[in-house]
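Visitor: Structure for this input, please:
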Amino acid sequence: MEKSLVLIKPDAIQRGLAGEIISRLEKKGLKIVAVKMLHMDNTLAQRHYAVHKGKAFFNDLVNFITSGPVIALIFQGKNAVQIIRQVMGETDPAKAHSGTIRGDFGIDIGHNLIHGSDSLENASKEINLFFSDEEIFNYDRELDAWIY
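Guide: Numbers count the residues shown, from 1 in each chain. Below you'll find the predicted structure:
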């Protein structure tokens, strides 16, 4: 089963959308195996967004993600990375389809509510930034037998 990192960003927390976001991902059959709420510092934010370092919007990303608390989660499931990306919708909410998180609730590209890993390789790297092995749970659900 794949694992992927999801960050519920400060704008989603401010707008009371964390439960809705988590619910949409769980309803797709994904299982939460780790969760924590934290206030990212500049160091962690810069490490998380390192792929964008040097781009014009890098400082805006860091400033926004450190502006308030985030909820970090690891979701597990078959094709977890792809499913999360589909449920999130396009990065720019103006281009995201209705029925996706960003299409339904996103305000603009700078306030798009959620981050999800874009590949298995990046999921592994991102998970290691936010969680230790001891913080990731391995458990069975009856539902898993139906899905997989």
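
Visitor: in the protein, which ranges drop under the pLDDT threshold?
Guide: Within the chain, the ranges that satisfy pLDDT under 70 run 147-148.

Visitor: So which residues of it form helices?
Guide: Listed in chain order, the helices of the chain (DSSP state H) span 10-14, 18-27, 42-48, 58-65, 80-88, 101-105, 120-130, 142-147.

Visitor: Could you point out which of these sits nearest Ala72?
Guide: Nearest to Ala72, of all the helices of the chain, is helix 120-130, at 4.5 Å by CB to CB. (Glycine included, C-beta is placed from N, CA and C.)

Visitor: With only the CA atoms kept, save the closest one in PDB.
Guide: These are the backbone C-alpha positions of helix 120-130, laid out as PDB (Å, rounded to 0.1, in the frame of the first residue of the first chain):
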ATOM      1  CA  LEU A 120       5.900   8.200  -4.300                       C
ATOM      2  CA  GLU A 121       9.500   9.400  -4.200                       C
ATOM      3  CA  ASN A 122       8.500  12.800  -2.800                       C
ATOM      4  CA  ALA A 123       6.000  11.200  -0.500                       C
ATOM      5  CA  SER A 124       8.800   9.300   1.200                       C
ATOM      6  CA  LYS A 125      10.900  12.400   1.500                       C
ATOM      7  CA  GLU A 126       8.100  14.500   2.800                       C
ATOM      8  CA  ILE A 127       6.900  11.900   5.300                       C
ATOM      9  CA  ASN A 128      10.400  11.700   6.800                       C
ATOM     10  CA  LEU A 129      10.300  15.500   7.300                       C
ATOM     11  CA  PHE A 130       7.200  15.400   9.500                       C
END
